[in-house]
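K.L.:
Just a sequence and a predicted model for now, questions to come.
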2 protein chains.
Amino acid sequence: MTKQKIATRRPLSSARVLQAAVALADEAGLDAFSMRGLAQELGVVPMALYKHVANKDELLDGMVDIVFSEIELPPGDLDWRPAMRRRAISTREALKRHGWAIGMMESRHPGPANLRNHNAVMGCLRKAGFPFEMAVHAYSVQDAYIYGFALQEKDLAFETPDSAGEAAQGRAETIGALDDYPYLVEITTKLPESGYDSAVEFAWGLDLILDGLDRLRHTGAAPA
Amino acid sequence: MTKQKIATRRPLSSARVLQAAVALADEAGLDAFSMRGLAQELGVVPMALYKHVANKDELLDGMVDIVFSEIELPPGDLDWRPAMRRRAISTREALKRHGWAIGMMESRHPGPANLRNHNAVMGCLRKAGFPFEMAVHAYSVQDAYIYGFALQEKDLAFETPDSAGEAAQGRAETIGALDDYPYLVEITTKLPESGYDSAVEFAWGLDLILDGLDRLRHTGAAPA
DNA sequence: TTGACAAGTGTACACCGTACACTTATAGTT
DNA sequence: AACTATAAGTGTACGGTGTACACTTGTCAA
């Protein structure tokens, strides 16, 4: 009983802090995520965290890199199109698990998993024969779509019926007549009964983009 | 001199507060944007703001709607494709002016300009003959791309040479060898000399997407 | 002139990130 | 086994935040 005294208070470590931080941000959201709250979750006084992470900023850097580490790299044994499809879907799933990370994925000091990911994606395209400029274009459209979709998916929580009602309520308050917005009404009425599934919606747009890239794959030309 | 006493301290109003708030957020960024700072900018004590806005949350709602109000609606006299192109480019420009708004455009209580915008975009597609599900798809891809591109454009500030050097520095610190990331190196070396322009990059991806939509315009089918 | 109501003020509270000095626990050397 | 260097965890304190609440000031109607 010298080595392992008690299980209730095994010592901290930057890895353990990072892991707990991600878990807390997942369930509490980014606004409610604080150093004090994290310390409490770990059964420790706030300042104890600073022995393992420099400050909150660096902690967030590490958290984002954890998210990157959960993203599947484009499989090397696949052709570029299915490889991109796989990694895109994996990215969306990771961002769905960690909604707090969406706005920070590219804005923080890049960690190793970040670099590995970007390098692998760019490498996959280049090895598949994409000329440099075309690979940059391909990367840009894809990631913009992926991050943008994740952002909207997080924000637009109008899939649940209660929040939809609440949203309609809010609209009725701020604006007098919602007859002025017939096409919004159409969405709120038709969308729920259309069996909308955000995963297939994501795949639809993704395939559209990959289609376009396949078509322009070798030509240096612009679309249209 | 009864009506207009002095120009230096004309009375506040929610419009004036909102306008000053947008200006302050534009130049200071969202993190540095505080009620106290805004009050100081208006030459007034912090609590004075609360006579014109309920709280910071509602203030942010109003600020976002101002950004929406700056976005050009799809011109009714154009065909859907150029109309969408115009409104997409206008959206990106507005988000470039107000980078702080990018993550909030769809996450706040929608204001009138928000509703007008969404209604007009959806209406443009429907009037052009897009079946409902297809219009939803078209809307989803476009906005995901627009917001995602704006997000990356804000984050990746690697266009300036100094910050690129700094970023490379940071990479060299956290990771030993950056020879492990040959395709990232290729980007940092080739991209600056390739005359990269974010506006044309945006248009490239946008046209790719509009192309795909035009192709699938009438078929209810999924891409590829 | 007076009285009502809006606009602006001042103080105070709970929360945040974290600097700094302190105490406790652990591990390596004699 | 005793001592000591170093790491791990603590407590207090400071300047920042949003904002509740009671107060004073300004402005117009009667």
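P.N.:
Happy to help now that I have it. Keep in mind the model is a prediction, meaning the values are calculated, not measured.

K.L.:
domain parsing for chain A?
P.N.:
A:1-53, A:62-159+A:196-216 (automatic domain parsing).

K.L.:
And the closest residue to residue A:184 other than its chain neighbours, how far from residue B:107?
P.N.:
Excluding its sequence neighbours, the residue lying closest to residue A:184 (Cβ to Cβ, 6 or more residues apart in numbering or on different chains) is residue B:119, at 5.0 Å. To be clear about C-beta, it is placed using only N, CA and C from the backbone, and glycine gets the same treatment. As judged by Cβ to Cβ, to the nearest Å, residue B:119 and residue B:107 stand 19 Å apart.

K.L.:
Determine the longest helix present in chain A.
P.N.:
The residue-count maximum for a helix in chain A (DSSP state H) belongs to helix A:132-155.

K.L.:
If you count neighbours, what's buried in that helix?
P.N.:
For helix A:132-155, a neighbour-count test (16 or more other Cβ atoms under 10 Å in any protein chain shown) marks A:132, A:134-155 as buried.

K.L.:
and the residue nearest the centre of chain A, what helix or strand is that in?
P.N.:
With the centre of chain A defined as its mean C-alpha position, the nearest residue by Cα atoms, centre = their mean is residue A:95, 2.3 Å away. Element membership for residue A:95, per DSSP states H and E: helix A:80-97.

K.L.:
now that helix against helix A:132-155, angle please.
P.N.:
For helix A:80-97 against helix A:132-155, the angle by axes from the mean of the first three to the mean of the last three Cα atoms, to 10 degrees is 30 degrees.

K.L.:
how distant is helix A:80-97 from the center of its chain?
P.N.:
Remark: helix A:80-97 is offset 10 Å from the chain centroid, using Cα atoms, centre = their mean, to the nearest Å.

K.L.:
Are there helices or strands packed against that helix, and which ones?
P.N.:
Secondary-structure packing of helix A:80-97 (3 or more Cβ pairs under 8 Å, 6 or more residues apart in numbering or on different chains; DSSP states H and E): helix A:112-127, helix A:132-155, helix A:198-216.

K.L.:
DNA strand D: which of those is closest?
P.N.:
For DNA strand D, the closest of the helices and strands packed on helix A:80-97 is helix A:132-155, at 20.1 Å, according to Cβ to the nearest atom of the strand.

K.L.:
Flag every residue of chain A that's near DNA strand C.
P.N.:
A:5, A:33, A:34, A:35, A:36, A:37, A:46, A:47, A:50, A:55, A:56, A:57 (Cβ under 7 Å from any atom of the strand).

K.L.:
So which of the buried residues of helix A:132-155 would count as near chain B as well?
P.N.:
A:132, A:136-137, A:140-141, A:143-149, A:151-152, A:154-155 (Cβ under 8 Å from any Cβ of the partner chain).

K.L.:
Tell me which of the domains of chain A sits most buried.
P.N.:
Ranked by mean neighbour count under mean count of other Cβ atoms under 10 Å in any protein chain shown, the domains of chain A are led by domain A:62-159+A:196-216, which reaches a mean of 20.

K.L.:
ok, back up a step: and the residue nearest to residue A:184, how far is that from DNA strand C?
P.N.:
Between residue B:119 and DNA strand C the computed distance is 32 Å (Cβ to the nearest atom of the strand, to the nearest Å).

K.L.:
Are stretch A:99-111 and chain B in contact anywhere?
P.N.:
Yes - using Cβ under 8 Å from any Cβ, stretch A:99-111 reaches chain B at A:102, A:103, A:105, A:106, A:107, A:109, A:110, A:111.

K.L.:
CA atoms only for that stretch - export them in PDB, please.
P.N.:
Output of stretch A:99-111 as PDB, limited to C-alpha atoms (Å, rounded to 0.1, in the frame of the first residue of the first chain):
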ATOM      1  CA  GLY A  99     -19.400  20.900 -30.300                       C
ATOM      2  CA  TRP A 100     -17.400  23.400 -28.300                       C
ATOM      3  CA  ALA A 101     -14.400  22.800 -30.600                       C
ATOM      4  CA  ILE A 102     -15.900  23.900 -33.800                       C
ATOM      5  CA  GLY A 103     -14.900  27.500 -33.700                       C
ATOM      6  CA  MET A 104     -11.400  26.700 -32.400                       C
ATOM      7  CA  MET A 105     -10.200  23.900 -34.700                       C
ATOM      8  CA  GLU A 106      -8.100  26.300 -36.900                       C
ATOM      9  CA  SER A 107      -7.700  29.300 -34.600                       C
ATOM     10  CA  ARG A 108      -5.300  27.800 -32.000                       C
ATOM     11  CA  HIS A 109      -1.700  26.900 -31.900                       C
ATOM     12  CA  PRO A 110      -1.700  23.700 -33.900                       C
ATOM     13  CA  GLY A 111      -0.700  20.500 -32.000                       C
END
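
K.L.:
how far does that stretch sit from the chain's center?
P.N.:
Centre-to-centre, stretch A:99-111 and its host chain are 9 Å apart (Cα atoms, centre = their mean).

K.L.:
same thing with stretch A:185-198?
P.N.:
Using Cα atoms, centre = their mean, the offset of stretch A:185-198 from its chain centre is 24 Å.

K.L.:
mind listing what residue A:150 touches?
P.N.:
A:91, A:92, A:95, A:96, A:99, A:102 (Cβ atoms under 8 Å, 6 or more residues apart in numbering or on different chains).

K.L.:
rerun at 10 Å
P.N.:
A:91-96, A:98-99, A:101-103, A:105, A:198, A:202, B:144, B:147-148, B:151 (Cβ atoms under 10 Å, 6 or more residues apart in numbering or on different chains).

K.L.:
which ones are touching the residue lying closest to it once chain neighbours are set aside?
P.N.:
Distances taken as Cβ to Cβ, 6+ apart put residue A:95 closest to residue A:150, at 3.9 Å, once the chain neighbours are dropped. By Cβ under 10 Å, 6+ apart, the contact set of residue A:95 is A:67, A:70-71, A:101-102, A:105, A:146-147, A:149-151, A:153-154.

K.L.:
how about a cut-off of 8 Å?
P.N.:
The contact partners of residue A:95, taken as Cβ under 8 Å, 6+ apart, are A:67, A:101, A:102, A:105, A:146, A:147, A:150, A:154.

K.L.:
One more: residue A:123?
P.N.:
If you count contacts by Cβ under 8 Å, 6+ apart, residue A:123 has them with B:182, B:183.

K.L.:
Go again with 10 Å.
P.N.:
Contacts for residue A:123 (Cβ under 10 Å, 6+ apart) come out as A:73, A:74, A:76, A:135, B:181, B:182, B:183, B:184, B:186.
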